[in-house]
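A.B. asks: Dropping the sequence and predicted coords here.
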Protein chains: 2
Amino acid sequence: MRQPTMRDVAKAAGVSPATVSRVVNDERYIRPETRAAVERAIAELGFHRNEIARTLRPGQAANTVALVIEDPGNPFWSAIIRGAEQIARRHRHMLVVGSTGQDYDQERDLLRDLVRRRVDGLLVVPTAHDHVDLHHELAGRVPMVFIDRVPPGVPADSVVLDSFGGAQRAAAHLISAGYRRIAYLGGDPAVHTGAARQAGYRQALADAGLPCDPALISLGNHTVEDAARSAAALLTAPVNADAVFADNNRICVGVLHAAAAHGEVGIAGFDDVELVDLLPRPVALITYDAVELGRQAATLLFDRIGGSTADVRRLVLPTTLVHRGRRS
Amino acid sequence: MRQPTMRDVAKAAGVSPATVSRVVNDERYIRPETRAAVERAIAELGFHRNEIARTLRPGQAANTVALVIEDPGNPFWSAIIRGAEQIARRHRHMLVVGSTGQDYDQERDLLRDLVRRRVDGLLVVPTAHDHVDLHHELAGRVPMVFIDRVPPGVPADSVVLDSFGGAQRAAAHLISAGYRRIAYLGGDPAVHTGAARQAGYRQALADAGLPCDPALISLGNHTVEDAARSAAALLTAPVNADAVFADNNRICVGVLHAAAAHGEVGIAGFDDVELVDLLPRPVALITYDAVELGRQAATLLFDRIGGSTADVRRLVLPTTLVHRGRRS
DNA sequence: AACTTCTCTGTATACGTTCTCAGAAACTCA
DNA sequence: TGAGTTTCTGAGAACGTATACAGAGAAGTT
């Protein structure tokens, strides 16, 4: 399956490879008959310019940016893909999506591989682990924008959500609805958003003068099933929580499953979740524009690729508290 | 931001570029001190081998396969991504994901771009339009496997779901539950799965001796909102459907929204949908292993990349009818 | 008519890597 | 000690493309 080259096209059209290159790049100064002959040869042979070889020339960009996320199955990340893709397309760049599955080794391999392939820029959701040295090293070699989480001390742009504010508002809502024993269900405590959201939750409790019972805090819930198990435990004796704040959409789904077996339970969560509005119970959710998150990050990236040397920028996107679900 | 090259490393280590290449590729016959010197220089300069240049050499594969899907936001496609990625990783290949958004022009541009970048193979969910010539042309140049939809007449492997059988079973279930005016809500009628599912639905009606009222058929529902509007119309006069079969997960969500405003409505749908099991109404769903779909397709692809010249293979994955939701 | 400018095309080189070839040094075995 | 083998390294040629340079012919200008 060897692909035809410009040399093959040149031979077929009876011209030099340089002329073929000129036709392909639509340059001036080509006799119409020559152009026609070359185009005929291209069509006949089914020639596709080898973009790999083209990129090798100095000054030729790969016209590719990469997005490294955790799991494309989560609607949060896939919305970011859509946003980033919109902007990449606008800049006539190809978007390569890779996923890490929360595994640092995979993130490292993937990022190295992308740099080796000389992508023009990287959009990265770092895994939890603080291997700042890798990010630091790469940030110096290729334009890079961090999404949702910011490795401390790495000089690169970033776009995150207002995790603290959102969580604080969600918890405050539960308090004002009369709940007093509000549990917090989180994922990996090393993830920065988790820390920020837990802090917001604590702040809301403190603002209301409520004590923060450590028994109400559950961390390390990585899957829907983890969260369902943890929530079930928290909602029964001896903890007896009367409400739950879910750190993210996966955890929220797990909590909803667990809560189905209980009566009155206050539920709030970070991230929007589809179909929650049809559930027979009220649920408060912190929502935001995830597509915009991807767009903003990509916009920052292309600004850097374009040569911007502005100071490091840290965007924080606002969140909104919405009320889903219905009183049954 | 020029990246250091092997030449730079060679100069820094006081050896020739060939020796650097040998160290990087971990070849035999290198003096330990030489190796150490080169490795020191690599670390010092932060050298990353240029994979682009490497791929240019004849016989060197890009070690990249691409997956072209419609929309990464739909859990159906993202599950396929996961499956394909598992297999790609196992074969030490990078997986590039591109999306077409159901737009044929984008699919064409994307596929051309991928071929130009000399990916080793393509996993493609073709858009609805029957531009078979493009697929035919590309299938001759690069190993290709079609997922979920099969362009007619293109000599390439494919993996699809048992759409006909699944739809038939779902419709038969609604009939056996006593419903008689069962509506069919579909998307783009040019999509092959849609045609197969509608055929399965009609077969079930025919098997039960039920007439097939054209007023019960609604096509062209591309979004959740489209489906909700269509379903609302079908469930009221003059059509007065008493049940709905939803062609895919997006449509099913729309139907669920519309049905919330009605009393007793029989609902069945193709694809699984999260949280449906917590809804206060029974819903029958046709489920399957979407991750396995991606795995099977990638496995076929790597088999071809490995040089297999077996006859064209067409895998059909089975589906299961499950009962979600609860009687309220 | 001589000169300049414009149009068109080919030759040759470079991009960063791998790999063949070849040569030098060190080791083995008679 | 001499011939053969193994270990190590460098020079140089590709891979497919883009481009600087040069050159030739045509057209325009003085």
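C.D. replies: Arrived safely, thanks for sending. Numbers count the residues shown, from 1 in each chain, chains lettered A, B, ... in the order given.
A.B. asks: near chain B, which residues of the stretch 101-250 of chain A show up?
C.D. replies: A:110, A:112-113, A:115-118, A:137, A:140-143 (C-beta under 8 Å from any C-beta of the partner chain). Any C-beta I mention is one placed from the backbone N, CA and C, and that applies to glycine too.
A.B. asks: Most neighbours of all the residues you listed, which one?
C.D. replies: The most crowded member of these, judged by other C-beta atoms under 10 Å in any protein chain shown, is A:R117 (25 neighbours).
A.B. asks: Can you report how many residues lie near the nearest residue to it once chain neighbours are set aside?
C.D. replies: Spatial nearest neighbour of A:R117, excluding adjacent residues (C-beta to C-beta, 6 or more residues apart in numbering or on different chains): B:E51 at 4.7 Å. Per other C-beta under 10 Å, the neighbour tally for B:E51 reads 21.
A.B. asks: Same question for the one 4 residues further on.
C.D. replies: Residues contacting B:T55 under the criterion other C-beta under 10 Å number 21.
A.B. asks: Shouldn't it be within a strand?
C.D. replies: No. Read with DSSP: H, G, I helix; E, B strand; the rest coil, B:T55 is helix and lies in no strand.
A.B. asks: For whichever residue of the stretch 151-300 of chain A sits closest to DNA strand C, give its distance to A:I42.
C.D. replies: Nearest to DNA strand C, among the residues of the stretch 151-300 of chain A, is A:A156, at 23.9 Å (C-beta to the nearest atom of the strand). As for A:A156, its distance to A:I42 is 42 Å (criterion: C-beta to C-beta, to the nearest Å).
A.B. asks: now A:G121
C.D. replies: 31 Å.
A.B. asks: pull the CA atoms of stretch A:228-242 into PDB?
C.D. replies: Provided in PDB are the C-alpha atoms of stretch A:228-242 (Å, rounded to 0.1, in the frame of the first residue of the first chain):
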ATOM      1  CA  ALA A 228     -23.600   4.900  45.900                       C
ATOM      2  CA  ARG A 229     -22.000   2.700  48.600                       C
ATOM      3  CA  SER A 230     -20.600   5.700  50.500                       C
ATOM      4  CA  ALA A 231     -23.800   7.600  50.300                       C
ATOM      5  CA  ALA A 232     -25.800   4.600  51.600                       C
ATOM      6  CA  ALA A 233     -23.500   4.400  54.600                       C
ATOM      7  CA  LEU A 234     -23.700   8.100  55.300                       C
ATOM      8  CA  LEU A 235     -27.500   8.200  55.100                       C
ATOM      9  CA  THR A 236     -27.900   5.500  57.700                       C
ATOM     10  CA  ALA A 237     -26.900   5.100  61.400                       C
ATOM     11  CA  PRO A 238     -24.600   6.000  63.000                       C
ATOM     12  CA  VAL A 239     -23.900   9.000  60.700                       C
ATOM     13  CA  ASN A 240     -27.500   9.800  59.800                       C
ATOM     14  CA  ALA A 241     -26.800  12.500  57.300                       C
ATOM     15  CA  ASP A 242     -30.000  14.300  56.200                       C
END
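A.B. asks: Check which residues of it are buried.
C.D. replies: By 16 or more other C-beta atoms under 10 Å in any protein chain shown, the buried positions in stretch A:228-242 come out as A:228-235, A:241-242.
A.B. asks: and chain A, what are its domains?
C.D. replies: A:1-49, A:50-161+A:292-316, A:163-288 (automatic domain parsing).
A.B. asks: closest to B:A298 out of the ones you listed?
C.D. replies: domain A:50-161+A:292-316 (14.5 Å; C-beta to C-beta).
A.B. asks: next one: the closest one to chain centre, how far?
C.D. replies: Relative to the centre of its chain, domain A:50-161+A:292-316 is centred 10 Å away, using C-alpha atoms, centre = their mean, to the nearest Å.
A.B. asks: Enumerate every residue touching the residue nearest to A:R117.
C.D. replies: A:113, A:116-118 (C-beta atoms under 8 Å, 6 or more residues apart in numbering or on different chains).
A.B. asks: cool, and A:P75?
C.D. replies: A:249, A:274, A:290, B:73, B:75.
A.B. asks: Take the contacts of B:E51 and keep only those in helices.
C.D. replies: Those of the contacts of B:E51 mapping onto helices are A:113, A:116, per DSSP state H.
A.B. asks: Nearest to DNA strand D among the contacts of B:E51?
C.D. replies: Distance to DNA strand D, by C-beta to the nearest atom of the strand, is smallest for A:R118 among those, at 13.5 Å.
A.B. asks: Wait, that closest one touches A:T55, no?
C.D. replies: Yes. Using C-beta atoms under 8 Å, A:R118 is in contact with A:T55, at 6.8 Å.
A.B. asks: Identify the contacts common to those two.
C.D. replies: Contact criterion C-beta under 8 Å, 6+ apart; residues shared by A:R118 and A:T55: A:62, B:52.
A.B. asks: Quick check: phi and psi on A:V96?
C.D. replies: phi -100, psi 130 (degrees, to the nearest 10).
A.B. asks: tell me which element the nearest residue to it once chain neighbours are set aside is part of?
C.D. replies: Nearest non-adjacent residue to A:V96, counting by C-beta to C-beta, 6+ apart: A:A66, 4.4 Å away. Following DSSP states H and E, one finds A:A66 within strand A:64-69.
A.B. asks: next structured bit after that strand?
C.D. replies: helix A:75-90.
A.B. asks: For that following helix, buried residues please.
C.D. replies: So for helix A:75-90, counting by 16+ other C-beta under 10 Å, buried means A:75-89.
A.B. asks: quick check, nearest of those residues to B:P4?
C.D. replies: Nearest to B:P4 among these, with distances taken as C-beta to C-beta, is A:A88, at 27.2 Å.
A.B. asks: who's the spatially closest residue to that closest one that is not a sequence neighbour bridged to?
C.D. replies: Leaving aside its sequence neighbours, A:A88 sits nearest to A:L95 (C-beta to C-beta, 6+ apart; 4.2 Å). With DSSP bridges as the criterion, A:L95 is bridged to A:V65.
A.B. asks: neighbours around A:L95, how many?
C.D. replies: 24.
A.B. asks: Using neighbour counts, pick out the buried residues of stretch A:123-142.
C.D. replies: A:123-129, A:134-135, A:138-139, A:142.
A.B. asks: now for those residues, which pair is the farthest apart?
C.D. replies: Once C-beta to C-beta is applied, these give A:A128 and A:V142 as the farthest pair, at 22.5 Å.
A.B. asks: number of nearby residues for the nearest residue to A:I42 once chain neighbours are set aside?
C.D. replies: Using C-beta to C-beta, 6+ apart and skipping residues adjacent in sequence, the residue nearest A:I42 is A:V9, 5.6 Å away. For A:V9, the neighbour count with other C-beta under 10 Å is 27.
A.B. asks: quick one: contacts for A:V9?
C.D. replies: A:V9 sits in contact with A:17, A:20, A:38, A:41-42, A:45, A:47, where contact means C-beta under 8 Å, 6+ apart.
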